[in-house]
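K.L.:
I'd like to go over a predicted model; first the sequence, then the structure.
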Amino acid sequence: AQTVTQSQPEMSVQEAETVTLSCTYDTSESDYYLFWYKQPPSRQMILVIRQEAYKQQNATENRFSVNFQKAAKSFSLKISDSQLGDAAMYFCAYRSPFWIQGAQKLVFGQGTRLTINP
Amino acid sequence: DGGITQSPKYLFRKEGQNVTLSCEQNLNHDAMYWYRQDPGQGLRLIYYSQIVNDFQKGDIAEGYSVSREKKESFPLTVTSAQKNPTAFYLCASWTGQGNQPQHFGDGTRLSIL
């Protein structure tokens, strides 16, 4: 079964600086989908960014970008110019390709709590 | 705007009582999901449904039941068999397309009186 590991339970960063959150996953597939979600204190789950494994180019959404290392099975999230509103729990998630049993489910990591210091 | 509506936002249960959490979506998504989240923890899948009148157990289905009579609705019942129901419950939906994310509701906080 696929697993997703976020090795940093907590991270902190100074406002306006850059922080990188780690995520590794285990799969034998060559095609799959990866997501980062943000859960602020309001507890809403908000999509931050997504990546399709067949795309070599790293996804970018404004201040958020990923470093997708397919061979290393690594999918880290970089937040540039950190803002107070970025404080949240961040979850990495994996989805198998459609031909794999269980592809309809997301496999989540345990999350990284990010604190922004003013 | 399309989205997922969960109600109520807060719910209290007495010992031995069943309670039902509502989840409605107007995104025309085929698949729907229920997750449980304990404080400081990740999401655990309770049940999911890919089509109307069909659903599958997730990782922690014991003490819970669901129905999917309409595409838009996927209510979750927390039964008296669930001995530790205090948690935050999230409902989600998905189009069925691999590169699309799951969309989430705002959640229901269930507490035991």
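P.N.:
Yes, it's here. Numbers count the residues shown, from 1 in each chain, chains lettered A, B, ... in the order given.
K.L.:
Next, the contact list for the residue of chain B found nearest chain A, please.
P.N.:
With CB to the nearest CB as the measure, the residue in chain B that lies nearest chain A is residue B:104; the distance is 3.8 Å. Every residue, glycine included, has its C-beta placed from N, CA and C. Neighbouring residues of residue B:104 by CB atoms under 8 Å, 6 or more residues apart in numbering or on different chains: A:44, A:45, B:4, B:90, B:91, B:92.
K.L.:
tell me which of these is nearest to residue A:100?
P.N.:
Proximity to residue A:100 was ranked across those by CB to CB; first place goes to residue B:92, at 19.5 Å.
K.L.:
That closest one falls within a helix, correct?
P.N.:
No: using DSSP: H, G, I helix; E, B strand; the rest coil, the secondary structure at residue B:92 is strand, not a helix.
K.L.:
And the pLDDT at it?
P.N.:
Reading off the per-residue confidence, residue B:92 sits at a pLDDT of 97.
K.L.:
what about residue A:26, neighbour count?
P.N.:
Here the number of neighbours of residue A:26 (other CB atoms under 10 Å in any protein chain shown) works out to 12.
K.L.:
Report pLDDT for it.
P.N.:
The pLDDT attached to residue A:26 in the predicted structure is 95.
K.L.:
Excluding sequence neighbours, find me the nearest residue to it.
P.N.:
What sits nearest to residue A:26 in space, not counting adjacent residues and going by CB to CB, 6 or more residues apart in numbering or on different chains, is residue A:3, at 4.7 Å.
K.L.:
what residues are up against that neighbour?
P.N.:
For residue A:3, the contact set (CB under 8 Å, 6+ apart) comprises A:25, A:26, A:107.
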